[in-house]
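**Student:** I would like to see how this sequence folds:
(chains A and B)
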Amino acid sequence: MKRSTDRILTTHVGSLPRPDDLVGLYRDDAPDQKLLPRLRSAIDEVVRQQVQAGIDIVNDGEFGKAMRNAMDFGAWWSYVYPRLAGYELREEEKTKGRGAWTFGSKERKEFAEFYAAEASAAATASQGGTSTARLYGLTCAAPVKYVGHGALKRDIDNLAAAVRSAGVEEAFMTAVSPATLQILPNAYYKNAEEYTWALAEAIAEEYKAIVDAGFILQIDDPALVDIYDWWFSMNDDLSGFRKWAAFQVEAVNHALEGIPEDRVRFHICWGSWHGPHKGDVGLKDVVDLLLRVKAQAYVIEAGNVRHEHEWKVWQTTKLPEGKLLIPGVVSHATNVLEHPELVADRLIRFAEVVGRENIIAGTDCGLGGRVHPQIAWAKLESLSAGAKLATKELWS
Amino acid sequence: MRHSTERILTTHAGSLSRPPDLIALGKSIAVGETKSDDPAYARILAAAVADVVRKQRELGVDIPDDGEFGKPVGGSYDYGAWWNYAFARMSGFSPAGSPAAAAHETQHKKSGVADVALTSYANRRDWQKFSEFYQDPESSGSLMGSAARRPVGRPACTGPIKYTGQAALQADIANLKNALAATGAEEGFMCSIGPGSFARGVDLYYKTEEEFLFASADAMHEEYKAIVDAGIVLQIDDPSLPDNWDMINPEPPLREFKKFEQLRMEALNHALRGLPPDRIRFHICWGSWHGPHTTDIPLQHIVDLVLSVNAGAYSVEAGNVRHEHEWRVWQDVKLPDGKLLIPGVVSHATNIVEHPQVVADRIVRYAKIVGRENVIAGTDCGLGGRIHPQIAWAKLQALADGAALATKELWG
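**Tutor:** Here you go, the predicted structure:
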């Protein structure tokens, strides 16, 4: 994995704004002969655009993961269900909607009026249905099996071709974590542990294929922190949460068996919706578990007002030798564009704690589907402008 | 004016979330269905001010205001009450939508080098750079849309300006004083628009821009004086100082812009004549809509103009990603002795509620430069009408919690 040996490198978390016509093709469930050529050209374009914006470690913008609306932030995990056998639609779960996935959230209780207003605005805005809404009712009813080889190969080929033609040295591809996958209800396995283990073994195929193709594998695991709010917050059950999270780390490590650590980066964030996030569990409460994940780099939300102060966690928790930190230094959480000097300040703060060669400048979460495309691209430009300023200060 | 002598005090920039009954009445007044001197309105307003002062005190706000509740809004998302309230308190204007005003509403005044002029919203430079975003009704709300829906536009000056708002002003003052007394708050503040921000509209009466500006200043003087005379700290809202930069298209030479703004600060000081600086705070921000703000002028270019205002405290947006790094300006520019800085340490620019530790870190950064006793924790801009009420209140709570953490760190 590349590191910031002579300057601060830049990357991002994955999702980038899809062109309108690509969103339209997904929304209409267009046939392959229409979708595939456009997907390939769109990935070519988005890789070139990243290079132009000054991004060193690029990806396919997650374009192979279907986004069905301009504002639709669930594609990072909804993409995988068509790639898994073992799920069926159950009407009784469908009527519960999102409610089927939570045991109650303190944050949603405290800010009930806000969330109700948001839900009604979102319903109006996304008349085509978001990618996540398509998951309502999906239930595990048979052994889970990875069957997505075709779609995965398509994504790998598209990124490989785009990277080749743009002359990029290193690229990454995202894949979802077992912890996230088990949010959908289980009616087949005896218990949650068995379910998670089976999911880990299924998704391992995807992990391996990405690494074998020569890409950096990024595992997206917001669940590792945001499940606190969804499942454990009502009882302030931090120890129950930590027990749960420790098992998730074992599961993801099981899925990573045989994969070299230096080809893996691991992303956590606290969920990318534009809410108060007052109920987010602190990084300090999970950082020890996070560091058990067999990845070389940790990609962590750190560029918004709920988590910005957490750079201090690294003053007391040592980043192990050889590991990399990819903090979010620009964020989807505000339309305001980060000033490059602020981006530089944030990077320098991290560099002073863990060493300049051990950080790469990143984003809080994917920018696609979460802010307007014009703002998303401007934020990537701010990111690279800030990294340049930081480089100047750190290598001068 | 209170200083943070024993602990970090808290305040905010003015606007707070109105209760639904007051919003409904505001709308009804705006379209002329209810008269502004309707006794029912007066009753509901007084009760709402009493509630909002109590609420601020409960959340830990040391220096509260009336939430700007006496400045009517046209809906729950409406960030323009801070300026358009003033037209109802002046004679000499033809209402928005009248032929005189409408003819000039959207006109693009292109600036020449030596003749700096303010352009229309759609011709602002940030707007033009991000026009797809600003015009997209489905993008996560720039708030510009809510302004367009508002029934109140900008009136045109068509006669001599005279302050006629004594009754509304005295009602606001009485409401706030009663509420402060009821909660035992030592100090309260009230917002009033600066002449530079007020006199941005169309003038068809005065011979020169300067005359228009100083006539506005003379009229506003009455409001300023009445607030100070009532024992309330006067906050001058003057976002136009930084915000005009984006409204001048093409980008003017800095020197010309500063000349343009210097005249406005002179007009403000003229309006503040005879009033003790120690009872006045001066608020600037770069406009509170949820846009990229890439063409905001850096604070370092205008800080001398800010400090030229005869005020005892300066309230400056500093709690969002475009301006957070500007605390460094105060390393190079000395805050004059005896003056206070009220940096924004929580912001309307994101729905995320600031972590109290983030708030504390921001406060401590300022305290280390200008002295802990010279910092009061504030907000970037008014929270009312810009974010959901539940989030607005949670942000004031985060402000107070963060100030308590900072106090602990700074006083040991």
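
**Student:** contacts, neighbours, all on C-alpha from now
**Tutor:** Noted.

**Student:** Low-confidence bits of the stretch 151-300 of chain B, can you list those?
**Tutor:** Residue ranges of the stretch 151-300 of chain B with pLDDT under 70: B:151-153.

**Student:** hmm, 50 instead?
**Tutor:** The model of the stretch 151-300 of chain B has pLDDT under 50 over residues B:151.

**Student:** can you give me the strands for the chain?
**Tutor:** Answering for chain A, as no chain was given. A:57-58, A:84-89, A:138-146, A:170-176, A:216-220, A:264-268, A:297-300, A:324-330, A:362-363 (DSSP state E).

**Student:** try again with chain B
**Tutor:** B:9-10, B:90-94, B:156-163, B:189-193, B:202-203, B:233-237, B:280-284, B:313-316, B:340-346, B:376-379.

**Student:** To chain A, which of those strands lies closest?
**Tutor:** Relative to chain A, the nearest member of those by C-alpha to the nearest C-alpha is strand B:340-346, separated by 8.6 Å.

**Student:** Run through the neighbouring helices and strands of the closest one.
**Tutor:** With contacts defined as 3 or more C-alpha pairs under 8 Å, 6 or more residues apart in numbering or on different chains; DSSP states H and E, strand B:340-346 has these neighbours: strand B:313-316, helix B:356-370, strand B:376-379, helix B:389-411.

**Student:** Any buried residues in stretch A:53-65, and which?
**Tutor:** A:53-65 (16 or more other C-alpha atoms under 10 Å in any protein chain shown).

**Student:** near chain A, which residues of the stretch 301-412 of chain B?
**Tutor:** B:320-325, B:349-355, B:357-358, B:361, B:388-391 (C-alpha under 8 Å from any C-alpha of the partner chain).

**Student:** now the strands of chain B in a markdown table, with mean neighbour count?
**Tutor:** Output for the strands of chain B, formatted as a markdown table (neighbours: other C-alpha atoms under 10 Å in any protein chain shown):
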| stretch | mean neighbour count |
| --- | --- |
| strand B:9-10 | 24 |
| strand B:90-94 | 19 |
| strand B:156-163 | 19 |
| strand B:189-193 | 25 |
| strand B:202-203 | 22 |
| strand B:233-237 | 26 |
| strand B:280-284 | 25 |
| strand B:313-316 | 26 |
| strand B:340-346 | 28 |
| strand B:376-379 | 30 |
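
**Student:** burial count for the residue in the stretch 151-300 of chain A that chain B sits nearest to?
**Tutor:** For the stretch 151-300 of chain A and chain B, the shortest gap (C-alpha to the nearest C-alpha) falls at residue A:276, measuring 3.9 Å. If you count neighbours by other C-alpha atoms under 10 Å in any protein chain shown, residue A:276 ends up with 26.

**Student:** how about the closest residue to residue B:357 other than its chain neighbours, what does it touch?
**Tutor:** Among residues not flanking residue B:357 along the chain, residue B:402 sits closest, at 5.9 Å (C-alpha to C-alpha, 6 or more residues apart in numbering or on different chains). Residue B:402 makes contacts with B:355-360, as judged by C-alpha atoms under 8 Å, 6 or more residues apart in numbering or on different chains.

**Student:** Columns neighbour count and pLDDT on top of the residues you listed, output as JSON lines?
**Tutor:** Putting the contacts of residue B:402 into JSON lines (neighbours: other C-alpha atoms under 10 Å in any protein chain shown; pLDDT from 0 to 100) gives the following:
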{"residue": "B:355", "neighbour count": "24", "pLDDT": "98"}
{"residue": "B:356", "neighbour count": "25", "pLDDT": "98"}
{"residue": "B:357", "neighbour count": "23", "pLDDT": "98"}
{"residue": "B:358", "neighbour count": "25", "pLDDT": "98"}
{"residue": "B:359", "neighbour count": "28", "pLDDT": "98"}
{"residue": "B:360", "neighbour count": "27", "pLDDT": "98"}
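
**Student:** just curious, which of those residues is nearest to residue A:348?
**Tutor:** Ranked by distance to residue A:348 (C-alpha to C-alpha), the contacts of residue B:402 are led by residue B:358 at 17.1 Å.

**Student:** That closest one and residue A:302 touch, don't they?
**Tutor:** No. Look at residue B:358 against residue A:302 with C-alpha atoms under 8 Å: they stay out of range, at 11.3 Å.

**Student:** between those two, what contacts are shared?
**Tutor:** With C-alpha under 8 Å, 6+ apart as the test, residue B:358 and residue A:302 both reach A:308-309.

**Student:** thinking again about what came up before, of the buried residues of stretch A:53-65, which is the nearest to chain B?
**Tutor:** Using C-alpha to the nearest C-alpha, residue A:53 is the member of the buried residues of stretch A:53-65 that lies nearest chain B, at 16.3 Å.

**Student:** List, one by one, the residues from chain A near chain B.
**Tutor:** Neighbours of chain B within chain A, by C-alpha under 8 Å from any C-alpha: A:71, A:111, A:113-114, A:125, A:274-278, A:304-309, A:333-339, A:341-342, A:345, A:371-375.

**Student:** and residue A:227, how far is that from residue A:179?
**Tutor:** 9 Å (C-alpha to C-alpha, to the nearest Å).

**Student:** Repeat that for residue A:101.
**Tutor:** The gap separating residue A:101 from residue A:179 is 13 Å, by C-alpha to C-alpha.

**Student:** Chain B against chain A: which residues are in contact?
**Tutor:** So far as C-alpha under 8 Å from any C-alpha goes, chain B lies against chain A at B:130, B:132-133, B:138-140, B:142, B:290-294, B:320-325, B:349-355, B:357-358, B:361, B:388-391.

**Student:** Residue A:104 contacts residue A:234, correct?
**Tutor:** Yes. Between residue A:104 and residue A:234 there is a contact at 6.4 Å, judged by C-alpha under 8 Å.

**Student:** export the helices and strands packed on strand B:340-346 to CSV and tack on distance to residue B:173?
**Tutor:** As requested, the helices and strands packed on strand B:340-346 are arranged in CSV below (distance: least, C-alpha to C-alpha, whole Å):
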stretch, distance to residue B:173
strand B:313-316, 21
helix B:356-370, 31
strand B:376-379, 22
helix B:389-411, 23
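
**Student:** Among these, which comes closest to residue A:384?
**Tutor:** Taking the helices and strands packed on strand B:340-346 one by one with C-alpha to C-alpha, helix B:356-370 is closest: 24.2 Å.

**Student:** number of nearby residues for residue 331?
**Tutor:** Just going to use chain A. Neighbours around residue A:331, by other C-alpha under 10 Å: 29.

**Student:** right idea, wrong chain: chain B
**Tutor:** By other C-alpha under 10 Å, 13 other residues sit near residue B:331.

**Student:** residues in contact with it?
**Tutor:** Contacts of residue B:331 by C-alpha under 8 Å, 6+ apart are residue B:369.

**Student:** Next, find the distance separating it from residue B:309.
**Tutor:** Residue B:331 is 20 Å from residue B:309, by C-alpha to C-alpha.

**Student:** cool, and residue B:33?
**Tutor:** Taking C-alpha to C-alpha, one finds residue B:33 at 40 Å from residue B:309.

**Student:** cool, and residue A:264?
**Tutor:** From residue A:264 to residue B:309 the distance is 56 Å (C-alpha to C-alpha).

**Student:** the more surrounded of the two?
**Tutor:** Here residue A:264 and residue B:309 are set side by side on neighbour count (other C-alpha under 10 Å), and the busier one is residue A:264, at 25 against 21.

**Student:** Would you check that the more buried one makes contact with residue A:297?
**Tutor:** Yes. Look at residue A:264 against residue A:297 with C-alpha under 8 Å: they come within range, at 6.8 Å.

**Student:** residues shared between the contacts of the two?
**Tutor:** Here residue A:264 and residue A:297 share no contacting residue, scored by C-alpha under 8 Å, 6+ apart.

**Student:** hang on, the earlier thing: for the buried residues of stretch A:53-65, give me TSV that also has pLDDT and distance to residue B:342.
**Tutor:** TSV is the format used below for those (pLDDT from 0 to 100; distance: C-alpha to C-alpha, whole Å):
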residue	pLDDT	distance to residue B:342
A:53	98	36
A:54	98	37
A:55	98	37
A:56	98	40
A:57	98	41
A:58	98	42
A:59	98	43
A:60	98	45
A:61	98	41
A:62	98	43
A:63	98	45
A:64	97	48
A:65	97	46
